[in-house]
Structures are given as structure tokens and as C-alpha cells.
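**Q** With the sequence up front, the predicted model follows.
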Amino acid sequence: MPKNSVDVHVGNRLKLRRTMVGMSQDRLGQMVGLTFQQIQKYEKGANRIGASRLYQFATLLDVPPAYFFEGLEGQPVTARDGRTLSAAVPADSPTASITREDVELLKAFRGLPHQGLRRRIIDLVWAMNGSSSEAGQTAAAPQAALAS
């Protein structure tokens, strides 16, 4: 049976936040009375997270419940039976597959105290990727920003 795209997205967001706060699957499971295997199933989107459980996770991970749905706006949704209700979260979505490396980079990045430096790093990474930033800047802008 295919996974529901919303369940996969919510599970990825759960994994991202759990990892960001440095909590293991086992610890989160203990806090809500589940095994780490059940947490794994939630994070992979194999099992749907009920509303009350999602609220528990939000409280424990110090985020509003809406956090788990961020990035879904306007995205089509695939039902478990494979029907497209409005299609799946794209495979290239930022939350489609979050790795430990992604989380490590985000933690280090958030630790940078100067917002201007963070902006220059974002521009540099976009330039290295051969793309302009999502803010509409050109790939040449990071070089100029770093030269200043």
C-alpha cells in the first residue's frame, strides 16, 4: 500500500525537529509510551500520526502543531490507495529526505551569530550549486558579498 504524502511529510518534519533538539527516537518514544520502532514508522510515514499524538509531539518538541505541516501549502496530496487528491509532495522537496548531514549543517548554520554572514553563506551555496538563490539573487551576488 503506498504511503500518504502528507504522512511522509509530517514524519519528515517530526524527524527533523527531534534531531534538531538532540533527542533520540528511543527517548521520544519513552516520553509518549511508544517503542523507537513506532517512532521510526511515524518518521517514515508508514504509520499515520493521530491528532492527539501529534499534539503531544508538538508540545514535547516545543513547536506549534502547524510546524509539522509547514511546506505543504499548495502541494497535491496522494491517498494511501494511490489516488491523487490535490499528488505527492515532490521528491525534490526540502523535507522529502532529510539526512543527518542536513541537520548537522543546519545546527552549525543556526549557531552563526551574524545574519549578514548567514545570508552570504546561503548565496555562496546557491552559487556553488549553479543556481540563483530563492530570493531571486544571481549567482554572481555571493562573490560580490564575500568581497565586501
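**A** On my side now, so go ahead. Just so it is clear, the model here is predicted, and its values are computed rather than measured.

**Q** can you give me the helices for the protein?
**A** 5-20, 25-32, 36-44, 51-60, 100-110, 115-128, 141-147 (DSSP state H).

**Q** need the contact list for residue 67.
**A** Contacts were defined as C-beta atoms under 8 Å, 6 or more residues apart in numbering; by that measure residue 67 touches 13, 17, 58. (Each C-beta comes from the backbone N, C-alpha and C, glycine too.)

**Q** which among those residues gets closest to residue 121?
**A** residue 17 (22.4 Å; C-beta to C-beta).

**Q** Okay, the closest one and residue 8: tell me how far apart.
**A** 15 Å (C-beta to C-beta, to the nearest Å).

**Q** And residue 64, by the same measure?
**A** Distance from residue 64 to residue 8, by C-beta to C-beta: 20 Å.

**Q** how many neighbours does residue 3 have?
**A** Using other C-beta atoms under 10 Å, residue 3 has 16 neighbouring residues.

**Q** Then residue 13?
**A** So residue 13, with other C-beta under 10 Å, has 22 neighbours.

**Q** same thing with residue 37?
**A** For residue 37, the neighbour count with other C-beta under 10 Å is 11.

**Q** what do you get for residue 66?
**A** 8.

**Q** Which one's more surrounded, residue 64 and residue 8?
**A** Counted by other C-beta under 10 Å, residue 64 and residue 8 do not tie: residue 8 has more neighbours, with 22 against 11.

**Q** surely that one meets residue 43?
**A** No - shown here, residue 8 and residue 43 do not form a contact pair, counting by C-beta atoms under 8 Å, at 9.4 Å.

**Q** pLDDT below threshold where in this protein?
**A** 1-2, 73-98, 132-148 (pLDDT under 70).

**Q** how's it carved up into domains?
**A** The record's domain split for the chain, according to automatic domain parsing, is 5-97, 112-147.
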